[in-house]
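> pasting the structure only:
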């Protein structure tokens, strides 16, 4: 057996499938409340601005909690933290179903944010410790695909249950039941997600072990470069998910009933990119070059859309294709972070760098919203392209740093 494939295929696939399901569930609960905002507005007599507080609260708790959860994962292990996170999702669904006003919605948002916070340090700790190095690229690909599918499935699931039962409350109870079912499955299959029982040979680390102190990893430049990469790339994603539809409608005089599918197209294209990226990441040595090529390609397409030179339907198609490069970069991104992580600090590093995702979402949306409100629709695409270019710069610096440390250690 190749040294890169140290665990049986079946065991690897079981672990990858379970972690993918858990990650998809976390993204599902990102969308627990937003599909019901029109219902809440009418039922509770609140404004969209007030309901927006639920999104802000979710992101704030998730972002801060994600960084802190990494320390907890490194101390007690990923598996018990995963169980607690899924239990929080059960509570979030039930709290939302019992809500009688804005306070109840905010409680549900807080529980969902708390449940979401540990998933990246949990997931990547389990994958890095249990999956064979030769299959990690595919594991990261499945991880990304499952998250994207979680986002896509939640609004449809909530709408179907609400229509079938005639009640949005039953829809939220069904969401809680889903989380409870996933929790039960994880408990029954707990041996496959036990990160304390390492079954793969450890890969050669790019950085010294984090043994000086609990916070020693924070002095590593690679950690903050990874954080900046997540921040910039997520700013671009936030802009496109939030405002690409109305921006296309204004620039190309297309109906918003059509341009809203730009987001769907971008995300579906990114899923295809994630699948392809899993194979590329498994073979690439200089991951930062692959990431740079993929994101630079997406940035170039977004600049083309922002130029206003395209026919309307072509602009919609090009926006969709831009998701391919974004998705292809995903598995290589996660692999690069693994290479930049000191042994013994997996949870802390992934928790810290992935908090850039929540911060990027939280800060970018109002900025790009203001750009659109000011009448600069093209600025949505230009700004997203600039953010991707800054992400490419961060990835390049990470790769250079990893290569330099490896040369010194050789």
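Yes, it's here. Every value quoted in this text rests on a predicted model; they were computed, and no experiment measured them.
> list the contacts for residue 114?
If a contact means Cβ atoms under 8 Å, 6 or more residues apart in numbering, then residue 114 has 61, 62, 65, 85, 88 as its contacts. Backbone N, C-alpha and C define where each C-beta goes, glycine included.
> and the closest residue to it other than its chain neighbours, how close does it get to residue 262?
Closest residue to residue 114 apart from its sequence neighbours, by Cβ to Cβ, 6 or more residues apart in numbering: residue 88 at 5.0 Å. To residue 262, residue 88 is 33 Å away according to Cβ to Cβ, to the nearest Å.
> who has more neighbours, these two?
Neighbours were counted for residue 88 and for residue 262 using other Cβ atoms under 10 Å; residue 262 has more, 28 against 21.
> next secondary structure element downstream of the helix or strand hosting the more buried one?
Element membership for residue 262 (DSSP states H and E) is helix 261-283. Counting by DSSP H and E, the next helix or strand C-terminal to helix 261-283 is helix 287-307.
> what is the orientation angle of that following helix with helix 261-283?
Between helix 287-307 and helix 261-283, the angle comes out at 160 degrees (axes from the mean of the first three to the mean of the last three Cα atoms, to 10 degrees).
> list the buried ones in helix 287-307?
Buried residues in helix 287-307, defined by neighbour count with 16 or more other Cβ atoms under 10 Å: 287-288, 290-292, 294-299, 301-306.
> which helices and strands does it pack with?
If you count contacts as 3 or more Cβ pairs under 8 Å, 6 or more residues apart in numbering; DSSP states H and E, helix 287-307 packs onto helix 221-252, helix 261-283, helix 312-339, helix 378-409.
> what about it, average pLDDT?
Mean pLDDT, helix 287-307: 94.
> that helix to helix 312-339, inter-axis angle?
160 degrees.
> coming back round to it: may I see the buried residues of the helix holding residue 262?
Applying a neighbour-count criterion of 16+ other Cβ under 10 Å, the buried positions in helix 261-283 are 262-263, 265-271, 273-275, 277-278, 280-282.
> can you check stretch 394-408 too?
In stretch 394-408, the ones that count as buried by 16+ other Cβ under 10 Å are 394, 395, 396, 397, 398, 399, 401, 402, 405.
> want to try TSV for the residues you listed, with distance to residue 127 and pLDDT as columns?
TSV is the format used below for the buried residues of stretch 394-408 (distance: Cβ to Cβ, whole Å; pLDDT from 0 to 100):
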residue	distance to residue 127	pLDDT
394	22	90
395	20	87
396	25	89
397	25	88
398	19	83
399	21	81
401	23	77
402	19	72
405	23	66
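> give me phi/psi at residue 117?
Taking degrees, to the nearest 10, you get phi -60, psi -40 for the backbone angles of residue 117.
> buried stuff in stretch 91-103?
In terms of neighbour count (16+ other Cβ under 10 Å), stretch 91-103 has its buried residues at 91, 92, 93, 94, 95, 96, 97, 99, 102.
> sort the residues you listed by pLDDT and name the bottom one.
Among those, pLDDT bottoms out at residue 102, giving 94.
> identify the residue nearest that residue in space, chain neighbours excluded?
Excluding the flanking residues, the one nearest residue 102 by Cβ to Cβ, 6+ apart is residue 46, at 5.1 Å.
> correct me, but the one you found touches residue 104?
No. Counting by Cβ atoms under 8 Å, residue 46 does not reach residue 104; the two are 11.1 Å apart.
> where in the stretch 301-410 of the chain is pLDDT low?
343-345, 405-410 (pLDDT under 70).
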